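Peer 1: This is a predicted model, with the sequence first.
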Amino acid sequence: MFSEFFQFTFSGVTLGAIYALVALGFTLIYNASHVINFAQGEFLMIGGMGTVVLMDAGVPIYFAIPLAIAMAGVAGILLHRLAIAPAKNADVVTLIIITIGASIFLRGLAQVFWGKEYHALPNFSATESINLGGAILLTQSLWILGIAAVLVTALGLFFTRTTLGKALLATSMNKDAASLMGIKTGAILMMAFGISAVIGAAAGVIVAPITLTSYDIGIMLGLKGFIAAAIGGLGSSTGAILGGLLLGLAEAYTAGYISSDYKDAVPFVIILAILFFLPNGLLGSRAVERV
Amino acid sequence: MKRMLKQLAAGAVTALGLTLASVPAQAADTIRIGSFLSVTGPASFLGDPELKTLELYIDKINGSGGVLGKKLELIHYDDAGDASKARTFANRLLRQDRVDLIVGGSTTGATMAAVPLIEQAGVPFISLAGAETITTPVKKWVFKTPQSDRQAARRILMDMKDRGFTKIGLISGTGGFGASGRNVTKEEAGNFGIEIVADETYNPKDTDTTAQLTRIRNTDGVQAILNFDFGQGPAIVTRNYAQLGIEIPFYQSHGVASDSFLELAGDAAEGLRLPASALLVADKLPKSDPQYDVLNRYKNDYESHYNESVSTFGAYAYDGLQLAVQALMKAGSTDKAKVRDALENIDGAVGVTGTYRMSPEDHMGLTAESFRILEVKDGDWALTE
């Protein structure tokens, strides 16, 4: 009985950790520009698939991973330079639509050049799972949670302790005032895309041993990550982690205790409930309309 | 009026023939085999080896003198996995190219879109798609070479019965393939004295199924677990199965009977069983096996010509073409009604997929026994007896 409960909890934590890590990637660009970057899932894909492709070409895994992540970083900067920056005076909705287009484009490129096959990455630890009270916890979920915690702390420090981070927040609050203060808002936004892509790609590599990876893995993970980010309150890193874990646990408990047939309805019920009662998510800042 | 139109059309065709490559004149001395396949697009893993197989063997047959003293001519269109395109191309094959018979239709969607036109025109059609609806209920002009999922379910249940299992757990994807497999398994289980005591599903895009597997494991009396699905879902289920350390026997369906599944699932697949085409173990079969020669000939021909691994999908095209050639020879002409009757009377044609025994009630002609039960041993497929 208890081992069953533990098992559902661990399954939920595994799922939740994955969603949380994906959700983190959304916060940075949202903070810098209020744009929800729907190509975030594709950064994950570039991380995972890039590692697979490089390893197939004979690159050892500890070089392949940083190379693939760097590749995603370049893709993020290019995405900003070639698609977002030329539309600089467009409103947020237009920019969001541009990111949807970019995601379809990146997915198409990957399909043509990297193929449509699914691939698996090896586990980070030699032991795949540990037994706790009759339930199994995957060691990879611990890796995911650990790295998510490191990223949250790093992002927190970045926003509160560095000039660059503060400049980024300033840009998101008032672009015109920020540029009058001497902040190069264009460069700030480009940096946000680059870092977001790097975070996304890192997430893509870490989750690949569990989720497998393919050219279209970004659709599902990107969507679940976005839901997690919205539940937690867009723009809050801690909220993203909370939202991800909440979503994962809810899915696992529904599949375990009610019926696996209803599992996919749960995220939507949760997001409806939360957006109804807390329109800014669990930890989102209360938006104040300036008149 | 009708006659006049026909004459007009004939005149137009002759005029075209003079300016173009005199297509109608050629028609008399070749046997025209039409085909529409999903060579590109999402179902290209089906259509690509199918087209390669057709091209390879039509060349071979023509090299050794053709059929009934005539050369075979392949007229092929790529429907890219799009059912409405398949319908358009089927129409073109029937009305414009005036083919003698059709071997094609990679997907069930493409096949079913073309069926009404083909039934109306009365041209023998051998489909290469899997679903049961294609030949159930029987349609006069429509045949198919792959087994349906019902045969796969039967073969699995047969093996479970032989091992003495009476209570099993089922976990399937909610996609088309998984949902249909779940239905036929539930329908057939009773015939084998097997009860499905746990029935779980997952979304084909899910990344974790441990909650569902835990539920099945904790159901009283489960003796074996079957995962019916295709794609990457079964690889994740198989990995979760091993991670949870579940000891009871595990079955997969024919949907994942390929080497890429072994790569994805890795060590976790060790010991699981599934029904598959004998093509996967062609070189491990005993020489006395009735299919041994056909299997190895096809495998060697294909692999030496294209320098890539043979696939069970290409084999459907091989069987389709061989059945067509056999029917043509038996009919002694390209008369469509006679070829259709000959196809329906094929009894014991040894193909790559199985041994075909067609009848007026069965236009697919394979039994569950055409599947072999394979077990994963040391990361490779092994035959079970």
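Peer 2: All right, it came through fine. This one's a predicted model, so the numbers in the text were calculated from it and none came from an experiment.

Peer 1: Let me see the ranges of the helices in the stretch 1-150 of chain A.
Peer 2: A:2-33, A:40-56, A:61-79, A:92-114, A:139-161 (DSSP state H, counting those that start in this stretch).

Peer 1: Could you pick out the residues of the stretch 151-291 of chain A near chain B for me?
Peer 2: Contact residues (C-beta under 8 Å from any C-beta of the partner chain) of the stretch 151-291 of chain A with chain B: A:207, A:210-212, A:214, A:219-221, A:251-253, A:255-256, A:260-261, A:263-264. Where C-beta positions appear, they are placed from N, C-alpha and C, glycine not excepted.

Peer 1: Just give the number of residues close to the residue lying closest to B:Phe250 once chain neighbours are set aside.
Peer 2: Excluding its sequence neighbours, the residue lying closest to B:Phe250 (C-beta to C-beta, 6 or more residues apart in numbering or on different chains) is B:Leu272, at 4.4 Å. For B:Leu272, the count of nearby residues is 21 (other C-beta atoms under 10 Å in any protein chain shown).

Peer 1: Per-residue pLDDT of B:Leu272, please?
Peer 2: In this model, B:Leu272 is scored at 95, pLDDT.

Peer 1: what does B:Asn203 give?
Peer 2: In this model, B:Asn203 carries a pLDDT of 88.

Peer 1: and if you look at B:Gly181?
Peer 2: At B:Gly181, pLDDT is 93.

Peer 1: counting contacts, what elements does the helix or strand encompassing it pack onto?
Peer 2: Using DSSP states H and E, the element containing B:Gly181 is helix B:176-189. For helix B:176-189, the elements it packs on are helix B:149-162, strand B:167-173, strand B:195-202, strand B:224-228, judged by 3 or more C-beta pairs under 8 Å, 6 or more residues apart in numbering or on different chains; DSSP states H and E.

Peer 1: how about those, which one is nearest chain A?
Peer 2: Counting by C-beta to the nearest C-beta, chain A lies closest to strand B:195-202 out of those; the figure is 4.8 Å.

Peer 1: Tell me how many other residues crowd A:Asn174.
Peer 2: As a burial measure, A:Asn174 scores 12 neighbours (other C-beta under 10 Å).

Peer 1: in the chain, which ranges drop under the pLDDT threshold?
Peer 2: If you meant another chain, say so; for now it's chain A. A:1, A:285-291 (pLDDT under 70).

Peer 1: let's do chain B instead
Peer 2: B:1-28, B:385.

Peer 1: Can you tell me which residues in it are near chain A?
Peer 2: B:42, B:174, B:200-203, B:205, B:207-208, B:210-212, B:214-215, B:218, B:231-232, B:235-236, B:243-245, B:260, B:263-264, B:266.

Peer 1: of those, buried ones?
Peer 2: Among these, those that count as buried by neighbour count (16 or more other C-beta atoms under 10 Å in any protein chain shown) are B:174, B:200-203, B:205, B:207-208, B:210-212, B:214-215, B:231-232, B:235-236, B:243-244, B:264, B:266.

Peer 1: Tell me how many other residues crowd residue 108.
Peer 2: Going with chain A. 11.

Peer 1: think we crossed wires, I meant chain B
Peer 2: Counted with other C-beta under 10 Å, B:Thr108 comes out at 20.

Peer 1: Could you report the distance from the closest residue to it other than its chain neighbours to B:Glu361?
Peer 2: Spatially, and ignoring its direct neighbours in sequence, B:Thr108 is nearest to B:Ala131 (3.9 Å; C-beta to C-beta, 6+ apart). Distance, B:Ala131 to B:Glu361, by C-beta to C-beta, to the nearest Å: 18 Å.

Peer 1: Look at the two and report which has more neighbours.
Peer 2: B:Ala131 (20 against 10).

Peer 1: So A:His80 sits against A:Met190, correct?
Peer 2: Yes: using C-beta atoms under 8 Å, A:His80 is in contact with A:Met190, at 4.6 Å.

Peer 1: and the two? which has more neighbours close in?
Peer 2: A:His80 (25 against 20).
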